[in-house]
Every structure is written in C-alpha cells, then in structure tokens.
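[1] Coordinates only, no sequence provided:
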C-alpha cells in the first residue's frame, strides 16, 4: 500500500516537474516593456494564410524601432515593439488590442493585416482614444462611420491600387474581364475598385467569382473562368491564397488565352509561388526593393534590412510595417511627447520620406498619400533570387487618385 | 456570365473527382486506423503536412520528386509506427477518447516542431517538370499533374485492396480488426499488426500531403483544412469502411465542385450540409457498422 502510494506520488511529482519544465520551455518570448518605454502594440496574423507577410512586418517594424532607439529615442526614452499574433481573426485581434492597451499600456497601436481585422482593431482604439496606424489595405477604414480622428492609414487603399492597376491593364490587354476574389472586405473592395475604373474604359465583366478566404484549391472554379475566355483574369486575393490561385490558374492553362492581373502583387507570394507560375503576372504594389536605384530612402531602408536579415530584401507589406512605425515615432520625436492628441496633431502635418519617397497624411481622413508602382513578375534575366519584378510604371503621390473626402462621408 | 455548356458541366464533375482523389487518400488512412485500431487520429493532418515538409527537406538534399514519392510515405510511416509504439499503444483498451485527445495534442506538437525547424513561412514547391502544363482531355484543358494525382490514388487503392484481400498478412489484419482476442489466442502478435496498420495509415496521409504540395506549396498549417474534410469523408462513408472512404471522398469532391458552379462562396459549407443530411438519414454513414463508436 505504502509502496503504491509512493509510486503514485513519484509519478505525480514527475508529471508536475515535467509540466513545469515544459511550460518554461514553451512560454513564448513575449516582450514586455519597462515603465519608461514607448510601447508600440503590433497585432499581426503571425500564423495562418498571411503569416509569411506578417512575419516580415514584424522584422521591418523592429528595424524602425531599432533605428529610433539608436538615434537616442525620445529624449532618452526607448521604444519597444510589442508584437502579438491576431491569427487573422477580428475577435482575436480585438482581444489582443485591448490587452495591449489596458495591460501593456501601449502608447500607440500599429498593425493588422486584413481589411476586416483592422476594422476591429480600429474600433477598439477608437473607443479607448488610442492612436492607431493601420498597415493593410481598406477603403472602409478611412471612411465614415469607421474612421475616427485616432485612425491613420499607412497602407494604400483598394480604390487607389485597383485604380492604378486598372488604368494600366484594361487599355493594354483587353476589355473582357473575369474576377476571382476572396470573399471578404479586401476582395470585394478590390473588385469594386476595378469596376469603378473599368466602367468608363468600357470593360465587359464575363465572370465574377468569389471564394472563401483561405481556399487552397481553386480547381473547381477555374474551368468556369477558362470557359468564359476573358482577356484579363483579375485575381483579388492576398497572401497564401494569391500564390496558390496563381499557380493553379497557370496549371489550368489560363495564361494561354488571358493575362493574369492582381491588384497587389506580393513579393512574398511570388517567392512562395515560384517564377514559372508568376511569369507575366502584373499588379500594383506600394513598394518593391528594386526602386532603390532611383530612391535614396529605399536604398537606406533595404541596406538596413539586409544587414539585419542576412542579405535578404524586405517585402512590400513588410515595408508598410516599417513605414507605419517610422511615421508614428517620427511624429512623437517632433512633438517631443507621446501624448496622443499632440502626436495626432504632428502626424497630420507630417511630410516624411521613410523608405519609398515623399509621403504625407491627407488631413480629412489621415490616408497616407504615396506613390503606387505597377510591376510585372519575370522568369528570365534575373540578376539574383531577389530580382523578381520589373517596375513598369510609377504613379507619383496624387491626392486626386484617392476617393474624395466627401465620398468617404467627411465634412 | 458564361452559359452552362455540357462540356463545362462534365469538366466540373471531372475536377470534382480529381479533388476527391486527395480526400480519398486522406480518408483511407483515417478510416483504416479507426476501423482496425479504433483510433480517431486527430494528428492525421499533421502527418499530411509532414509528407510535404519531408519532401521539401529531401529535395533540399538533392532528391527529386520521384524519390520523394517513394521514400517520404515510407519515412513518415516509420514516424507513425514510432508514435504508435510509444504513445498510442499504452492507450489501447481505454476509451475511444484517450487516443483522440493524445493525437489532438500530438498534432500541435508536430506542427510547432515543423515551425521551429522550417519557419512559419510558406515554402515553394515546384510541380515536377515532367508533369507541368495542361492537356486537352476532350472537354477542355486540365492540368497534367492533377491527372497524375488521380492515377497515383488509383494505384494506391488497387495496391491496398490486393494487400488486404489477397495476402495472408492482410487476412491477419482483417481478422485482428474483427476479433483481436481470438487472433491473439491463435498465437499471432496483434501488437505488431497494429503497428504496421498505423504505419500504413500515416504513410497514406504523408503521400496525400506530398501530392498536395505541388498544388498549394508547403505550410505548417496545411493539414488543418484537409483534416476537417477528411473527417467529413470518413463519417459520410462510414467510420472504418474503406469502400465508404473511397466513395464518400469522390462524392465530396463532386459536391464541392458542383456547388462551386452555382455558389462558390458556399462550396465549403455544402460539404458540411452533405454530412448533416447523411447523418440524419443514415447515422452510421454509407457503409459503417452501427454502434462502432459506442
């Protein structure tokens, strides 16, 4: 009996010790800030279909923080990046944002990587009067009723991106257009953007298909698209969905008759999808590292990234993470404080060149006015593994390309 | 919007069957484990993912796709056998929920280990050069590689059927599934049989993952969505029935495909609607034995 008792006790002790050791090993390396630090909450979808892009956003945001700290911070106050996984779910993102604000006392929130998730984060920040700089595309966030004076939008909007790509592609490749989009805000807003710019150009929409976010097999919708014989197949999705759908469309021989066009051609998706699948695909982007030949701030940013990441180059959405944090920290430094109202006032008037040439926030909706690049994926004449796109055209920063303040519901 | 031609409809059904082929491979392994060992394997999606990453690793060491096709299911099958021997075996004879919970946790461990080893980013996976491009199959162009996947699934099905029905080892496996007590009394090491069955089941999952990699690349969570579908297929076909897994796998593929034609947004939901209807009409699935879960 006593032997049995001893054994049970030993076993229990072993289990407890094991569990404790396991917990210690597995406890995630979550950064917590010291009292005096400037805390930047950074919720992004580190796992899931947009994980690759989100990881790069963290790497780039960290660069902006390191650069700020190396330059002395805010009168000696250092910045820390508190990155959290929002798992690409609005509810999860809202919870993380609330924790960041209430438990970690974040001074500002930057981040999120989905049109719908950023609205949830925006809502949390709006209610708690915390500055939020969003780094992924959305039309809704800059419009009423979602927008608030605490909302800034560093990324491009679908209206601007689809507008630039549509103006480039429709006159060149033909009028018969098929849409394949992810069935959520991003896909819908991009399709709306293409339709808006396409209508005066006389496009004929021959198919408009949306499939759920995170779809991994497009073989059941591609035959129908092939049968519609479009001149242009416009694929409006993001992250893993983008490289999977382009690869499968290529496998189905869509390129035989159609040109594949995407609103945002992702560097990360191109790397994951491969040169052959992406060959000839055209799209827009807010950033491609190759502009460093003509843009000095891009060169400086790329070099900083290369030094920290073994010679690799930053991605487009990664760069947005840099830009979003950079602008906020720059505004804090110029304002000389982290007080939200002062930072907002400074940010509103800020003209900055973080990494891609001149940018500024439009006063009425805090949308970052910036250049858009039209790029094409190549499979030949590549100087190295990072040389994946040709820049075909550059739209300089232009307020007129944005949806008007009035159309967004601003007074 | 393009009209619905007979060719398009035929193409749609064919695309559904091709899609179903991968579901069949997944559900076969899962049904095998349940039918023979009464193990509901929640780690099946993780083994599927291991198939893709095993190939990524082997390709990195200079292997080619055909070498992977042979070695990876074998290697992952061995991993599966180790899991059976060390983790699953102590749980036989306890309730059905013990191995279920264990494999549920195991899936997290495997996925995290792969994240640590390979990173969280999606990895590219090229279609083997000989199988790229689309061929005209009479009703339209279809990717050559997907035809290859159908062929491999067919070969695996025939091979598995011959193994289980025509070999003495298969006879032992079938007997062991029906009455392990008697088989043990007859002097056969049932433990070893179960070990082999677990290896085959996980090997099939790895093969499915490996075959899926050229279609969608490799990512640590690639097993999540297919696991859900594999469960639906297994349940619709009847838990433990191999024939059921095959027919249900193809049926689910066709249902997804035809739903995509009219309402692509609802294609995934349609799968679960199908399951609900089947469970209402026939709770044990197409070919399942009633009461096996209790």
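    Arrived safely, thanks for sending. All values derive from a computational prediction rather than experimental measurement.
[2] So is stretch B:229-241 next to chain A?
    No: on the criterion CB under 8 Å from any CB of the partner chain, stretch B:229-241 is out of touch with chain A, staying 10.1 Å away. To be clear about C-beta, it is placed using only N, CA and C from the backbone, and glycine gets the same treatment.
[3] For that stretch, which outside residues touch it?
    Stretch B:229-241 has contacts (CB atoms under 8 Å, 6 or more residues apart in numbering or on different chains) with B:23-24, B:26-27, B:30-31, B:34-36, B:44-45, B:243-249, B:251-252, B:271-272, B:274-275, B:278-279, B:284-289, B:292-293.
[4] what mean pLDDT does it have?
    In this model, stretch B:229-241 has a mean pLDDT of 89.
[5] got the contact list for the residue of the stretch 301-411 of chain A found nearest chain B?
    Using CB to the nearest CB, the closest approach of the stretch 301-411 of chain A to chain B is made by residue A:315 at 10.4 Å. Shown in contact with residue A:315 (CB under 8 Å, 6+ apart): A:53, A:56, A:266, A:267, A:268.
[6] now with 7 Å?
    A:53, A:56, A:267, A:268 (CB atoms under 7 Å, 6 or more residues apart in numbering or on different chains).
[7] So what touches the helix or strand containing the last one?
    In other words, residue A:268. Assigned by DSSP states H and E, residue A:268 belongs to helix A:267-273. Applying CB under 7 Å, 6+ apart, the contact partners of helix A:267-273 are A:52-53, A:56, A:239, A:242-243, A:246-247, A:278, A:288, A:315-316, A:377, A:388, B:122-124, B:217.
[8] mind running it again at 6 Å?
    For helix A:267-273, the external contacting residues (CB atoms under 6 Å, 6 or more residues apart in numbering or on different chains) are A:52-53, A:242-243, A:246-247, A:278, A:315-316, A:377, A:388, B:122, B:124, B:217.
[9] Can you verify residue A:81 is assigned to a strand?
    Yes: under DSSP: H, G, I helix; E, B strand; the rest coil, residue A:81 falls within a strand.
[10] For the longest helix seen in chain B, which residues meet the burial criterion?
    The helix that spans the most residues within chain B, counting by DSSP state H, is helix B:6-37. Buried residues in helix B:6-37, counting neighbours by 16 or more other CB atoms under 10 Å in any protein chain shown, are found at B:8, B:11-37.
[11] Distance from the chain centre to that helix, please.
    9 Å (CA atoms, centre = their mean, to the nearest Å).
[12] what packs against that helix?
    helix A:222-227, helix B:144-166, helix B:190-216, helix B:222-237, helix B:242-262 (3 or more CB pairs under 6 Å, 6 or more residues apart in numbering or on different chains; DSSP states H and E).
[13] Only the buried residues of the helix or strand following it, if you could.
    The helix or strand immediately downstream of helix B:6-37 is helix B:44-60, counting by DSSP H and E. Within helix B:44-60, the residues scored as buried using 16+ other CB under 10 Å are B:44-59.
[14] Can helix B:44-60 be said to contact chain A?
    No: in terms of CB under 6 Å from any CB of the partner chain, no part of helix B:44-60 sits within range of chain A; the closest distance is 11.8 Å.
[15] Residues contacting that helix, please?
    Contacts for helix B:44-60 (CB under 6 Å, 6+ apart): B:30, B:68, B:72, B:75-76, B:107, B:110-111, B:114, B:118, B:123, B:202, B:205-206, B:208-210, B:213, B:218, B:222-224, B:226-227.
[16] again, but for stretch B:6-23
    Residues from elsewhere that reach stretch B:6-23 (CB under 6 Å, 6+ apart): A:217, A:219-220, A:223, A:227, B:139-140, B:146, B:149-150, B:153, B:208, B:212, B:229, B:233, B:249-250, B:252-254, B:257, B:261.
[17] hmm, 8 Å instead?
    With contacts defined as CB under 8 Å, 6+ apart, stretch B:6-23 is touched by A:217, A:219-220, A:222-224, A:227, B:2, B:137, B:139-140, B:142, B:146-147, B:149-150, B:153, B:208, B:211-212, B:226, B:229-230, B:233, B:249-258, B:260-261.
[18] Name only those of those residues that count as buried.
    Applying 16+ other CB under 10 Å to these, the neighbour count classes A:217, A:219-220, A:222-224, A:227, B:139-140, B:142, B:146-147, B:149-150, B:153, B:208, B:211-212, B:226, B:229-230, B:233, B:249-258, B:260-261 as buried.
[19] Near chain A, which residues of the stretch 101-250 of chain B? Just list them.
    B:120-124, B:126-127, B:132-134, B:140-143, B:145-146, B:212, B:215-217, B:219-222, B:225-226.
[20] In PyMOL, how would I select the buried members of these?
    A single PyMOL command is used to select the members of those judged buried by 16+ other CB under 10 Å:
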select buried, chain B and resi 120+121+122+123+124+126+127+132+133+134+140+141+142+143+145+146+212+215+216+217+219+220+221+222+225+226
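[21] show me the contacts for residue A:208.
    Residue A:208 neighbours (CB under 8 Å, 6+ apart): A:178, A:179, A:181, A:191, B:1.
[22] Quick check: what element follows the helix or strand hosting the first one along the chain?
    When you say that, I think you mean residue A:178. Using DSSP H and E, residue A:178 falls within strand A:176-182. Using DSSP H and E, the helix or strand that follows strand A:176-182 in sequence is helix A:185-198.
[23] in its sheet, what does whatever helix or strand comes next after that next one sit against?
    Next along the chain after helix A:185-198, taking DSSP H and E as the criterion, comes strand A:204-211. Using DSSP bridges, strand A:204-211 pairs in its sheet with strand A:176-182 (parallel).
[24] thinking again about what came up before, where does confidence bottom out across the buried residues of helix B:44-60?
    Among the buried residues of helix B:44-60, residue B:59 carries the weakest pLDDT, at 88.
[25] Work out for me the element residue 100 sits within.
    In the absence of a named chain, this looks at chain A. helix A:90-102.
[26] Chain B, not that one
    Assigned by DSSP H and E, residue B:100 belongs to helix B:97-118.
[27] and if you look at residue A:161?
    Secondary structure from DSSP H and E places residue A:161 in helix A:158-173.
[28] and that helix, what does it pack onto?
    Secondary structure elements in contact with helix A:158-173, counted by 3 or more CB pairs under 8 Å, 6 or more residues apart in numbering or on different chains; DSSP states H and E, are helix A:185-198, strand A:232-236, strand A:259-264, strand A:282-285, strand A:372-377, strand A:389-395.
[29] ok, residues contacting that helix?
    Against helix A:158-173 from outside (CB under 8 Å, 6+ apart): A:115, A:137-139, A:177, A:186, A:189-194, A:196-198, A:201, A:203, A:231-232, A:236, A:259, A:261-264, A:282-284, A:286, A:372, A:374, A:392-393, A:395, A:401-403.
[30] Pull out the buried members of the residues you listed.
    Buried among those (16+ other CB under 10 Å): A:115, A:137-139, A:177, A:186, A:189-191, A:193-194, A:197-198, A:203, A:231-232, A:236, A:259, A:261-264, A:282-284, A:286, A:372, A:374, A:395, A:401-403.
[31] what pLDDT does residue A:380 get?
    Looking at residue A:380, its pLDDT stands at 84.
[32] A strand includes it, no?
    No: counting by three-state DSSP, residue A:380 is not part of a strand but coil.
[33] what's the spacing between it and residue B:7?
    With distances taken as CB to CB, to the nearest Å, residue A:380 is found 35 Å from residue B:7.
[34] before we move on, back to that, which is the next helix or strand following the helix holding residue B:100?
    With DSSP H and E, the next secondary element past helix B:97-118 is strand B:134-136.
[35] tell me how far that next one is from the chain's mean position?
    Counting by CA atoms, centre = their mean, strand B:134-136 is centred 27 Å from the centre of its parent chain.
[36] hmm, who's touching the helix holding residue B:100?
    With CB under 8 Å, 6+ apart, helix B:97-118 has contacts from B:37-47, B:49-50, B:53, B:56-57, B:83, B:87-88, B:91, B:218, B:220-221, B:223, B:227.
[37] In contact with residue 204, which residues?
    If you meant another chain, say so; for now it's chain A. By CB under 8 Å, 6+ apart, the neighbours of residue A:204 are A:175, A:176, A:177.
[38] ah, I was thinking of chain B
    By CB under 8 Å, 6+ apart, the contact set of residue B:204 is B:25, B:26, B:28, B:29, B:32, B:73, B:156.
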